[in-house]
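In: Test case, fold it:
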Amino acid sequence: MFASVFPNLHRLELECCYKISDESIVHVLRRCRNISHLNLTMSNLELRGMNLEAPKLKMLDLSFSNVDDISNTCCGLLQLLINDCLGCTEKGVKHVVEKCTQLREIHLRDCLNVRTNVAASVLFLSPSLRKITSPPHIHFSESERILLLQRGCVVC
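Out: Predicted structure coming up:
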């Protein structure tokens, strides 16, 4: 309902809103084309097979959710927070980094389904990345850290 009332909405915070459906998020994003900041932390959303369109979305927080792939949705994304995202996989991270060519920040803390070698290789593919918060089990080698730092990327 609020998508109809506020079509020019820029920021939407739905943290801990467990009763929101995938379809309602799709509806909001279709009606509110100016959303640049979307927080879906601790939602029950999966968004599998959904054709989301969020052309102006710059920041997306899916921490503590089950979402696995948003790469077709948010090509202009600058900041992605997927901390402790149960659905986050190596394949999903790879798609995001490949498709979101402007991505400057990615937070992967406690993404246990992302293995070390895949994460490191995928993150090196994106020259736009400037900040990476990696899972605790991922340890970049000293040479990898130096390469990332030379590129202007901070690894936390």
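In: what's the neighbour count on the nearest residue to E15 once chain neighbours are set aside?
Out: Nearest residue to E15, sequence neighbours excluded (Cβ to Cβ, 6 or more residues apart in numbering): T41, at 4.4 Å. The way it works is simple: take the backbone N, C-alpha and C, and place the C-beta from them, glycine included. When counting by other Cβ atoms under 10 Å, one arrives at 18 neighbours for T41.
In: where do the strands sit along the protein?
Out: Here the chain has its strands, by DSSP state E, at 11-13, 37-39, 59-61, 79-81, 105-107, 131-133, 154-155.
In: picking that back up, distance of the residue nearest to E15 relative to V5?
Out: 24 Å (Cβ to Cβ, to the nearest Å).
In: do R130 as well
Out: In terms of Cβ to Cβ, R130 sits 37 Å off from V5.
In: isn't Q102 right up against C74?
Out: No: in this structure Q102 lies outside contact range of C74 using Cβ atoms under 8 Å: 9.9 Å.
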